[in-house]
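Novice: Predicted model, plus sequence, below.
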Amino acid sequence: MRILLALLLCLASLVNAGYPPNFPKCKNADNECMKNAANEVLQTYYLGQSDINLIPFDPFHVKILHFKPNPSSPVNIDLKLTDATLEGFKSMKINKFQGVKADLSGRDTFSGIVPDVIIRGHYNVNGTVLILPITGDGQAVVTCKNVKFNFSYDFKPYEKNGKTYASLAHVKLDLEPEHVRFDLTNLFNGDKTLGDVTSQFINANWKELFNEMKPALAKAISLIVKSFINKFYETQPYADFFL
């Protein structure tokens, strides 16, 4: 099945007239076929293709990401990223597909790695990272290296025009980067000395900062993936995805 049944960003490939002829199908529960098809879609259609209803997913645009303060955490920050872009998904490699059955039973998962995920946007931050106060308002670039991921979900069936369709439900995304670098302009209203010291400190303690951001980031991405994929799945009966 040459579709990405649940990719980080909208890899369902449907057209109004029927199943796209250039997207071969897989047999029921053929996880190896699904993995290979998904990787080809990632590499070929990351800019989207309107005639087969594929939406661009690299870069990926997010209006706002809000990481709320957590007074019980050593990283207690109120951080907002607005007009953000996430880049790098075209280089994603899926290593394992599991589930995705024609009878919609069981929980489905796929996992893999993204060599580089780059998040850009306007940031506003106020709070403390460990013992160090931080404040700033400017441009942010967050570079995540070798991000391992696992995306899991259920398919929920529903009836339309006498046929069974499916939508994603109970989605969950786990992320684990090898390294993260934060580049923030205009820390402390442009004070270079304070800004340089703070940049060195947060990058030396990137794990603590990213771990505080990770739940909100993973939830935001997973819900957007769910929304995009469901938008396309509603145009095609679920049985049409299989040989």
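Specialist: On my side now, so go ahead.
Novice: pLDDT weak spots in this protein?
Specialist: Residues of the chain that meet the criterion pLDDT under 70 lie in 1-24, 51-54.
Novice: Run the chain-centre distance for the top strand by length along the chain.
Specialist: Longest strand in the chain by number of residues (criterion: DSSP state E): strand 132-160. Relative to its chain's centre, strand 132-160 lies at 5 Å (Cα atoms, centre = their mean, to the nearest Å).
Novice: and what of stretch 208-217?
Specialist: With Cα atoms, centre = their mean, you get 14 Å for stretch 208-217.
Novice: got it, and stretch 35-42?
Specialist: The answer for stretch 35-42 is 16 Å, by Cα atoms, centre = their mean.
Novice: Tell me the buried residues in that stretch?
Specialist: Lys35, Ala37, Ala38, Asn39, Val41, Leu42 (16 or more other Cβ atoms under 10 Å). Glycine gets a C-beta too; all of them are placed from N, C-alpha and C.
Novice: Where does Asn28 sit, in terms of helix or strand?
Specialist: Using DSSP states H and E, Asn28 sits within no helix or strand.
Novice: Can you list the helices and strands that the longest strand of the chain packs against?
Specialist: Packing partners of strand 132-160 (3 or more Cβ pairs under 8 Å, 6 or more residues apart in numbering; DSSP states H and E): strand 108-129, strand 163-176, strand 179-184, helix 192-204, helix 206-233.
Novice: before we move on, the earlier item: ok, of the buried residues of stretch 35-42, which one's closest to Gly190?
Specialist: Taking Cβ to Cβ as the measure, Gly190 sits nearest to Leu42 out of the buried residues of stretch 35-42, at 40.1 Å.
Novice: So what's the residue count around the nearest residue to Leu194 once chain neighbours are set aside?
Specialist: Distances taken as Cβ to Cβ, 6 or more residues apart in numbering place Phe188 nearest to Leu194, at 4.2 Å, with adjacent residues excluded. Neighbour count for Phe188, taken as other Cβ atoms under 10 Å: 16.
Novice: Surely Phe188 touches Asp196?
Specialist: No: applying Cβ atoms under 8 Å, one finds Phe188 not in contact with Asp196, separated by 10.0 Å.
Novice: coming back round to it: could you measure from the residue nearest to Leu194 over to Phe67?
Specialist: 19 Å (Cβ to Cβ, to the nearest Å).
Novice: Check Phe201 too.
Specialist: From Phe201 to Phe67 the distance is 18 Å (Cβ to Cβ).
Novice: who's more crowded, these two?
Specialist: Neighbours per residue, other Cβ under 10 Å: of Phe201 and Phe67, the larger number sits with Phe67, 22 against 15.
Novice: if I look at the residue of the chain most remote from its centre, how far off is Glu208?
Specialist: Largest separation from the mean C-alpha position in the chain: Thr193, at 35.2 Å (Cα atoms, centre = their mean). The gap separating Thr193 from Glu208 is 23 Å, by Cβ to Cβ.
Novice: one step back: buried residues in the longest strand of the chain?
Specialist: In strand 132-160, counting by 16+ other Cβ under 10 Å, buried: 134-137, 140, 142-144, 147, 149, 151-155.
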